[in-house]
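Asker: sharing a model that was predicted from the sequence below.
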Amino acid sequence: MKKLSCTTESVHKTEIYIQKGLRDHLFELDSLFKKYRTIVIITDENVAGYYLKGIVKQFASFGGTVRQIVLEPGEPTKNLGQAEEIYYKLAEFGVTRADAIVALGGGVIGDLAGFCAATYMRGIDLYQIPTSLIAMSDSAVGDKTGVDLDIGKNMVGAFYPAEAVFVDPVFLQTLDDRFFIDGMAEVIKYGCIASGKLFVRLTGYQYQEDLLDDMDSVIAKCLQIKRNVVEEDERESGIRRILNFGHTIGHVIENYFGYGTYTHGEAVAIGMYNITRMSVREGITSEEDLANLGQILDTYGLPRELPEMDLDRVNAILQNDKKFEGDVLNLCVMPQIGTAEIVRVHKNMAIELFQAE
Ligand SMILES: O=C(O)C(=O)C[C@@H](O)[C@H](O)[C@H](O)COP(=O)(O)O
Ligand SMILES: [Zn+2]
């Protein structure tokens with residue numbers, strides 16, 4: 001037998017910059033960007049209306065060609081057909097492996113543009129400029145890219161690190177209220193799974209303006225937690241599963257009602273509350289912590305009651321969850337606010353998550 005080993009250069013450093021007003025100072029980052037002949041900015045119509053012109057101008061100052069791809073907003077855009085259209089556009093623009101994609105938008109744009117960056121010519125450089133709270137506090141960091149299939153959320157994708165992520169909370173000033181609240185579900189998730197202090201802090205804001213004022217440090221806390229988890233387990237074979245608190249139920253709801261009917265955050269909020277209801281029944285979590293979780297979801301205007309669903313259809317969707325290991329589903333529960341634990345549930349029992357007590 002001949003034996004070879006192949007060690008690849010898979011360790012990658014993503015720089016994460018968090019600063020109010022950063023979006024007006026991108027032109028100062030010439031050391032990062034002047035090496036690209038072409039930079040393609042992928043965004044959606046809503047974000048383009050507010051910001052594209054200003055951002056293009058700054059990227060143009062690096063001397064290369066700046067191209068734009070503007071997509072319809074919303075989760076239904078995150079599909080393989082759309083990715084294929086993007087590949088053809090990139091080819092038409094003459095994009096090579098020496099060029100870069102900038103994802104300017106929320107979670108949908110970040111996941112889709114990231115997936116195209118990961119797969120076009122087997123990978124070109126990617127930068128993320130998140131403009132929604134969900135993307136700033138969660139999805140733009142951690143290397144997950146992907147698209148939805150009819151049978152499940154994020155079913156096709158790649159772990160693909162960005163070169164850098166630029167977080168500017170000032171973008172949130174133009175974010176629709178429903179999507180601000182949507183992002184708060186992920187922020188609350190970080191309090192639930194890893195920081196009781198963050199959870200308590202989030203209960204203390206009287207007005208949205210106060211929270212917005214503090215947003216750079218709230219986001220920094222979420223991303224610090226996420227960074228620590230992802231550094232330990234990028235490919236989700238262990239601790240990274242805690243980031244999926246509320247997501248097994250959440251992904252089923254998003255898929256069941258059609259992507260975009262419930263926002264991701266709304267579905268995750270229902271998921272966090274109902275998995276916790278189950279863990280109270282199992283004696284893992286106290287009634288008091290469930291009540292505190294319910295209270296904070298109410299305060300931020302997030303839903304928590306399971307909508308009525310046909311259990312056979314639910315079960316069919318549930319079986320495509322990515323947290324299955326063979327017949328066993330790994331579920332994140334919250335023993336106490338600020339802590340997380342993975343419990344293993346057989347696939348025949350998983351449907352109980354959706355059953356009234
Ligand atoms: O980054 C992660 O890992 C997360 O679980 C964060 C989630 O908030 C995010 O929605 C993620 O995209 C879900 O991942 P998936 O693998 O369950 O599709
Ligand atoms: Zn999520």
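Answerer: Arrived safely. It should be emphasised that the depicted structure is a prediction, and the values quoted were computed from it without experimental measurement. Ligands and ions are numbered 1, 2, ... in the order given.
Asker: pick out the residue of the stretch 201-350 of the chain closest to ligand 1.
Answerer: In the stretch 201-350 of the chain, the residue found nearest to ligand 1 is residue 243; the distance is 3.5 Å by CB to the nearest ligand atom. For the C-beta atoms, the positions are set from N, CA and C on the backbone; glycine is no exception.
Asker: show the backbone phi and psi for that residue.
Answerer: phi -70, psi -10 (degrees, to the nearest 10).
Asker: identify the residue spatially nearest to the most centrally placed residue in the chain, adjacent ones excluded.
Answerer: By CA atoms, centre = their mean, the chain has its centre lying nearest to residue 139, at 2.4 Å. Nearest non-adjacent residue to residue 139, counting by CB to CB, 6 or more residues apart in numbering: residue 107, 4.2 Å away.
Asker: in stretch 214-222, what's buried?
Answerer: Residues 215-216, 218-222 are the ones in stretch 214-222 that count as buried (16 or more other CB atoms under 10 Å).
Asker: residues from the stretch 101-250 of the chain in reach of ligand 1?
Answerer: Contact residues (CB under 6 Å from any ligand atom) of the stretch 101-250 of the chain with ligand 1: 138-139, 142, 144, 153-154, 186, 236, 240, 243-244, 247.
Asker: ok, the residue nearest to residue 139 to residue 141 distance?
Answerer: Counting by CB to CB, to the nearest Å, the separation of residue 107 from residue 141 is 11 Å.
Asker: low pLDDT regions in this protein?
Answerer: 9, 356-357 (pLDDT under 70).
Asker: now do the end-to-end distance for stretch 233-248.
Answerer: 19 Å (CA to CA, to the nearest Å).
Asker: do the same with stretch 52-65
Answerer: So stretch 52-65: terminal residues 15 Å apart, CA to CA.
Asker: what about that stretch, distance to the chain center?
Answerer: Offset of stretch 52-65 from its chain centre (CA atoms, centre = their mean, to the nearest Å): 26 Å.
Asker: which positions in that stretch come out as buried?
Answerer: Buried-residue list, stretch 52-65, by 16+ other CB under 10 Å: 52, 55-56, 58-59, 62, 64.
Asker: same thing with stretch 176-183?
Answerer: 179-183.
Asker: just the helices from the stretch 1-150 of the chain, written as ranges.
Answerer: All helices of the stretch 1-150 of the chain, identified by DSSP state H, counting those that start in this stretch, fall at 30-33, 45-47, 53-60, 80-92, 107-119, 133-134.
Asker: picking up where we left off before, now, the buried residues of stretch 176-183 that are in helices?
Answerer: Judged by DSSP state H, helices contain the following of these: 179-183.
Asker: let me have those residues in JSON lines, extended by distance to residue 121.
Answerer: JSON lines is the format used below for those (distance: CB to CB, whole Å):
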{"residue": "179", "distance to residue 121": "33"}
{"residue": "180", "distance to residue 121": "36"}
{"residue": "181", "distance to residue 121": "38"}
{"residue": "182", "distance to residue 121": "33"}
{"residue": "183", "distance to residue 121": "32"}
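Asker: tell me the one among these nearest to ligand 1.
Answerer: Out of those, the member with the shortest distance to ligand 1 (by CB to the nearest ligand atom) is residue 183, at 10.6 Å.
Asker: isn't that closest one up against residue 139?
Answerer: No - under the criterion of CB atoms under 8 Å, residue 183 is not in contact with residue 139, lying 9.7 Å apart.
Asker: quickly list what residue 69 is bridged to.
Answerer: For residue 69, the beta-bridge partners are residue 42 (DSSP bridges).
Asker: quick one: contacts for it?
Answerer: By CB atoms under 8 Å, 6 or more residues apart in numbering, the contact set of residue 69 is 40-43, 86, 89.
Asker: going by distance to ligand 1, which of those residues wins?
Answerer: Nearest member of the contacts of residue 69 to ligand 1, counting by CB to the nearest ligand atom, is residue 42, at 17.8 Å.
Asker: neighbours around the closest one, how many?
Answerer: 25 (other CB atoms under 10 Å).
Asker: that one against residue 114, yeah?
Answerer: No - between residue 42 and residue 114 there is no contact under CB under 8 Å: 9.4 Å.
Asker: what touches both of the two?
Answerer: Common neighbours of residue 42 and residue 114 (CB under 8 Å, 6+ apart) are residue 103.
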